[in-house]
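Chemist: I would like the atomic coordinates for the input below:
(2 chains)
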Amino acid sequence: MIAVLKHELRNYFHSLTAYVFGAFLLAFVGIGSMLYNIQAAVSNFEFVLSFGCLIFVVIVPILTMRIIAEEKKLKTDQLLYSLPITTAQVVVGKYLALLVVYLIPLCIISIYPLIFKQYGDVYLLTSYGSILAFFIMGSALIAVGVFISSLTENQGFAAGIGIAVILLNYYSVRLSEYVSSKAMGAVIALCVLIIALGAVINYLTKNQNLAYGISLVLIAATVITYFVDETKLEGLLPNIMRKLSLFERFYAFVNGVFDMTAIVYFISVIVFFLFLTVQSLEKRRYN
Amino acid sequence: MITVEHLTKRYGDFTAVNDLSFEIGEGHVYGFLGPNGAGKSTTMNIMTGCLSATEGRVSIYGYDIFEEPNKAKKLIGYLPEHPPLYMSETPYEYLRFVGEAKGLRGTELKNQIEQVMERTKITDVRNRCISALSKGYKQRVGIAQALLGNPKVIILDEPTVGLDPIQIIEIRDLIKELGKTHTVIFSSHILSEVQAICDMILIISKGKLIAFDTPENLEKMMLSSNEIIITSDADEKEIKEILAGINHITDTDFEKKDTEYVRAHIKTDREDIYEVSKAIFNGFASKGKVLYELALKRANLEEVFIELTESDTAANNSAENGNDLKTSKSEENANDVKSAEGEVTDK
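Modeler: Purely as a prediction, here's the structure:
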């Protein structure tokens, strides 16, 4: 695991990726603190972070696109399979390397509140609480990016899908206001989601019966729920969209609430997607 | 010691490896021979834990590759068909990563890297970017990677493909050298190469093992053609006269040539082909005719290979014969030759 971590770090700092990632993050947060803290003379650093998290849409996919897709493309994944280390160790090693790359600009950012403290009243507790939440949310997004990278051997494709997924997540709360909150709308949306899930299962396991089976059972369950108790499905779709948003949970920290459930949520997202990544790599062995 | 038992790998309807069983002992160089798409790479990928098997098991010195992968993999060094190199690194950095992943640390790591670089002769290019190296050097870096951790078994998948003749010779010498200290298994579809460096040859076709023997025995199999080639200054008529006085000659063909010498292919049904050669020699000598050439037609592996891979379909028909071959192991050399011979004559 340590070997993979060291190797990935060396790779990132040999190429431009780590520097581009750091530069973009610092530039965006820098612009944010100039606008809020200096121009508008607001003393809350956490607003800067809530402004800055939009940049994740671009920089996380750039950072994660190559992490596994490149190995597949260059066939170096065969080396990883033949080495006496487990797939889980490979994935965790790679992930930790990404976290280190992400932590470095964040360390610089965490000096900012101290600088502003010299010139006025800054409430450090919420500032650092938000920085911590910013770190964990970014880590969760990176885990999603790692998984997307493991699905393809085309880096560009991995980046494109990554941007789409994170953008959708970013806007999902705003979009949720426009989607139908009627029960029928929820049924249709759930059916579409279930079919998409079935397609993903089919792609990952190449087992059509399993995919059809799961989809049919879930669709039947949805339809039955609709006929038995319609009210249960009312407002379900916007609710799901709000719940899935990683960014929405981060805004709680910006508002000064240290939300433990959000931390747990972020960590479970990380574990879930790293688990999926391991499975996706193992699948290549079992295709 | 590597034991492969009833290994089968299916991709949907396609069977890449079909009930493959063999046992590989310690030491020596083993050659995996087969046409493209025979299942060589698939078998090697399964043996090294890069791929799962549909059925069957592989054990490396008693460790099952699927159940105790880490222990088994420590005993194997593997160079896949495409050398898995990180192009932006130098050989030294690359080897350090592989060494660390194989659990080497500190001075041991450094010493081993120096050793394998020395052995594969890449010390000169240690600090050059891998992407800038020639194909031969890249291959060497790949082999160096396999040697790290001093594994007992080294598996090389088509290590000489795409190299120039000098590089091929160098890599072959390296493989021979490695064979003295490790068990080396390498695959190839070039017969002369396998013939030149292997102590044992496994021939695979359509995912099945069709022969497992020494190069000499495989060649001997084809000596059953019992053909003697002569070149003489006697004309066709004189040759026929001389041969008429010798027993066990079934057929004589003359080659049409514009030279003053005549070349003839003589077929015999006698077991001891040397006796017949002797009689021919004496026959010509007593008539005062000169033999410029007297040779036994020796089949090269090329022909054995074609014969065996083509008769594979025939072997499918005679199930018993096929089973004999599939379970063939190194200890059963003698049986092997017989059954394979049977196969050839069947055809």
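Chemist: For residue 83, report the pLDDT, please.
Modeler: Going with chain A. Looking at A:L83, its pLDDT is 91.
Chemist: Wait, chain B was what I had in mind.
Modeler: 90.
Chemist: Do I have it right that it meets B:R140?
Modeler: No: contact criterion Cβ atoms under 8 Å: B:P83 and B:R140 do not qualify, at 9.2 Å. Placement of C-beta: from N, CA and C, glycine included.
Chemist: what about the two, which has more around it?
Modeler: Neighbours per residue, other Cβ atoms under 10 Å in any protein chain shown: of B:P83 and B:R140, the larger number sits with B:R140, 26 against 23.
Chemist: Could you tell me how many residues sit around the spatially closest residue to that one that is not a sequence neighbour?
Modeler: Leaving aside its sequence neighbours, B:R140 sits nearest to B:T120 (Cβ to Cβ, 6 or more residues apart in numbering or on different chains; 4.4 Å). Residues lying near B:T120 (other Cβ under 10 Å) number 25.
Chemist: Please compute how far stretch B:137-153 lies from its chain's middle.
Modeler: 20 Å (Cα atoms, centre = their mean, to the nearest Å).
Chemist: Just the CA atoms of that stretch, as CSV, please.
Modeler: Output of stretch B:137-153 as CSV, limited to C-alpha atoms (Å, rounded to 0.1, in the frame of the first residue of the first chain):
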residue,chain,number,x,y,z
TYR,B,137,15.9,-2.2,-23.3
LYS,B,138,12.2,-1.9,-22.4
GLN,B,139,11.9,-5.7,-22.5
ARG,B,140,15.0,-5.9,-20.2
VAL,B,141,13.4,-3.5,-17.7
GLY,B,142,10.3,-5.7,-17.8
ILE,B,143,12.4,-8.8,-17.1
ALA,B,144,14.3,-7.0,-14.4
GLN,B,145,11.0,-6.3,-12.7
ALA,B,146,10.1,-10.0,-12.8
LEU,B,147,13.4,-10.9,-11.2
LEU,B,148,13.0,-8.6,-8.2
GLY,B,149,12.3,-10.4,-5.0
ASN,B,150,14.2,-13.4,-6.2
PRO,B,151,11.2,-15.5,-7.2
LYS,B,152,11.5,-19.2,-7.8
VAL,B,153,9.6,-19.2,-11.0
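Chemist: got the buried residues for that stretch?
Modeler: B:137-149, B:151-153 (16 or more other Cβ atoms under 10 Å in any protein chain shown).
Chemist: out of these, which are inside strands?
Modeler: B:V153 (DSSP state E).
Chemist: and which of the buried residues of stretch B:137-153 is nearest to chain A?
Modeler: B:Q145 (7.3 Å; Cβ to the nearest Cβ).
Chemist: List the residues that contact the closest one.
Modeler: Under the criterion of Cβ atoms under 8 Å, 6 or more residues apart in numbering or on different chains, the neighbours of B:Q145 are A:L79, B:G77, B:L79, B:P84, B:Y94, B:L95, B:V98.
Chemist: and those residues, which of them are in strands?
Modeler: B:G77, B:L79.
Chemist: Narrow the contacts of B:Q145 to just the buried residues.
Modeler: Of the contacts of B:Q145, these count as buried by 16+ other Cβ under 10 Å: A:L79, B:G77, B:L79, B:P84, B:Y94, B:L95, B:V98.
Chemist: Would you mind measuring the gap between the ends of stretch A:147-156?
Modeler: 14 Å (Cα to Cα, to the nearest Å).
Chemist: burial count for residue 49?
Modeler: Let's take chain A. 26.
Chemist: look at chain B instead
Modeler: 22.
Chemist: ditto for B:S41
Modeler: B:S41, neighbours per other Cβ under 10 Å, totals 20.
Chemist: Just the element for it, please.
Modeler: Per DSSP states H and E, B:S41 falls inside helix B:40-47.
Chemist: so who does residue 242 touch?
Modeler: You didn't say which chain, so I picked chain A. A:S172, A:V173, A:S176, A:E248.
Chemist: Actually, chain B is the one I wanted.
Modeler: B:A234, B:I280, B:G283, B:F284, B:K287, B:K289.
Chemist: Let me know the pLDDT of the residue nearest to B:R140.
Modeler: pLDDT recorded at B:T120 is 88.
Chemist: Ok, B:E238 next?
Modeler: pLDDT, read off for B:E238, is 84.
Chemist: rewinding a little: which strands and helices lie in contact with the helix holding B:S41?
Modeler: strand B:2-11, strand B:14-24, strand B:29-33, strand B:55-60, strand B:153-157, strand B:183-188 (3 or more Cβ pairs under 8 Å, 6 or more residues apart in numbering or on different chains; DSSP states H and E).
Chemist: how about 7 Å then?
Modeler: strand B:2-11, strand B:14-24, strand B:153-157 (3 or more Cβ pairs under 7 Å, 6 or more residues apart in numbering or on different chains; DSSP states H and E).
Chemist: Mean neighbour count, the ones you listed: which tops it?
Modeler: Stretch with highest mean neighbour count among those: strand B:153-157 (a mean of 25; mean count of other Cβ atoms under 10 Å in any protein chain shown).
Chemist: List the pairing partners of that strand within its sheet, with orientation.
Modeler: According to DSSP bridges, strand B:153-157 forms sheet pairs with strand B:76-79 (parallel), strand B:183-188 (parallel).
Chemist: before we move on, the earlier item: among the contacts of B:I242, which ones are in helices?
Modeler: B:I280, B:G283, B:F284 (DSSP state H).
Chemist: Next, count neighbours for the closest residue to chain B within the stretch 101-250 of chain A.
Modeler: Residue of the stretch 101-250 of chain A nearest chain B, by Cβ to the nearest Cβ: A:K206 (8.1 Å). For A:K206, the count of nearby residues is 14 (other Cβ under 10 Å).
Chemist: pLDDT score for residue 2?
Modeler: Assuming you mean chain A. For A:I2, pLDDT reads 88.
Chemist: oops, chain B please
Modeler: Looking at B:I2, the pLDDT reads 89.
Chemist: what do you get for B:L209?
Modeler: The predicted local confidence for B:L209 is 85.
Chemist: How about B:N18?
Modeler: 87.
Chemist: In the stretch 101-250 of chain B, which residue sits closest to chain A?
Modeler: For the stretch 101-250 of chain B, Cβ to the nearest Cβ, closest residue to chain A: B:A101, 4.2 Å.
Chemist: which element is the residue nearest to that residue when sequence neighbours are not counted on?
Modeler: Setting aside the residues directly before and after it, B:A101 is nearest to A:A3 in space (Cβ to Cβ, 6+ apart), at 4.2 Å. Counting by DSSP H and E, the element that carries A:A3 is helix A:2-14.
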